[in-house]
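*Asks:* Here is a sequence together with a model predicted from it:
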Amino acid sequence: MLLNPENTLFVRGTTPVLLLADAPVHDVLPPLTAPDGAIPLCDGWGIVPKLTMCVVDGPGEHGLIVPAIAAPVLDEGAVNDDDPEAMSAWCADAEQAGGAVVLSLDQLPEVLDWTHLLGSGTAHGGFVRLLS
């Protein structure tokens, strides 16, 4: 399933994050509640972060593809909408971390409040390991 890049936000960091909005896999991803910030492993899921596309592969027939080159990347507080270097850096972050946190939400938040996102019980997902 192809997900519109406007429904994503790639967030750079030591443990990179991929935020998904209105994703067809939302109900298949496990509900996430991590008020202490300890993100659980998302068993049965894998991620392939590439500059042109990012694949999130789930169990069975579940998964999605994001046209990553066209997706926004949040880096040091600024959103880069059309900077291939920002996406390349996000992919490098994911490689370094061995995966990424994938969070599926009803809609992308206007402000990233990690305490709310991880503690509200509305997000689904977790840490998704790199697929080899």
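*Replies:* Received, thanks.
*Asks:* The lengthiest strand in the chain - contacts with which helices or strands?
*Replies:* Longest strand of the chain, by residue count under DSSP state E: strand 41-49. On a contact count with 3 or more Cβ pairs under 8 Å, 6 or more residues apart in numbering; DSSP states H and E, strand 41-49 meets strand 54-57, helix 84-97, strand 99-105, strand 124-130. All C-beta atoms are positioned from the backbone trio N, CA, C, and that covers glycine.
*Asks:* and the first one, what other elements does it pack with?
*Replies:* Strand 54-57 makes packing contacts with strand 17-21, strand 41-49, strand 63-66 when contacts are defined by 3+ Cβ pairs under 8 Å, 6+ apart.
*Asks:* Contacts only, for the residue positioned nearest the centre of the chain.
*Replies:* In the chain, the centroid-proximal residue (Cα atoms, centre = their mean) is Leu18; its distance is 1.6 Å. For Leu18, the contact set (Cβ atoms under 8 Å, 6 or more residues apart in numbering) comprises Thr8, Leu9, Phe10, Val11, Ile47, Cys54, Val56, Val66, Ala100, Val101, Val102, Leu103.
*Asks:* Low-confidence bits of the chain, can you list those?
*Replies:* Filtered on pLDDT under 70, the chain yields no residues whatsoever.
*Asks:* Can you report how many residues lie near Ala70?
*Replies:* The local packing of Ala70 (other Cβ atoms under 10 Å) involves 15 other residues.
*Asks:* Please read the previous query as pertaining to Leu9.
*Replies:* Around Leu9 there are 21 residues (other Cβ under 10 Å).
*Asks:* Okay, now the sheet partners of the helix or strand harbouring it, with direction.
*Replies:* For Leu9, the enclosing helix or strand under DSSP states H and E is strand 8-11. Sheet pairing here is set by DSSP bridges, and for strand 8-11 it gives strand 17-21 (antiparallel), strand 73-75 (parallel).
*Asks:* want to throw the contacts of Leu18 into a markdown table with distance to Ser120?
*Replies:* Output for these, formatted as a markdown table (distance: Cβ to Cβ, whole Å):
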| residue | distance to Ser120 |
| --- | --- |
| Thr8 | 20 |
| Leu9 | 17 |
| Phe10 | 21 |
| Val11 | 17 |
| Ile47 | 23 |
| Cys54 | 25 |
| Val56 | 21 |
| Val66 | 23 |
| Ala100 | 20 |
| Val101 | 15 |
| Val102 | 17 |
| Leu103 | 11 |
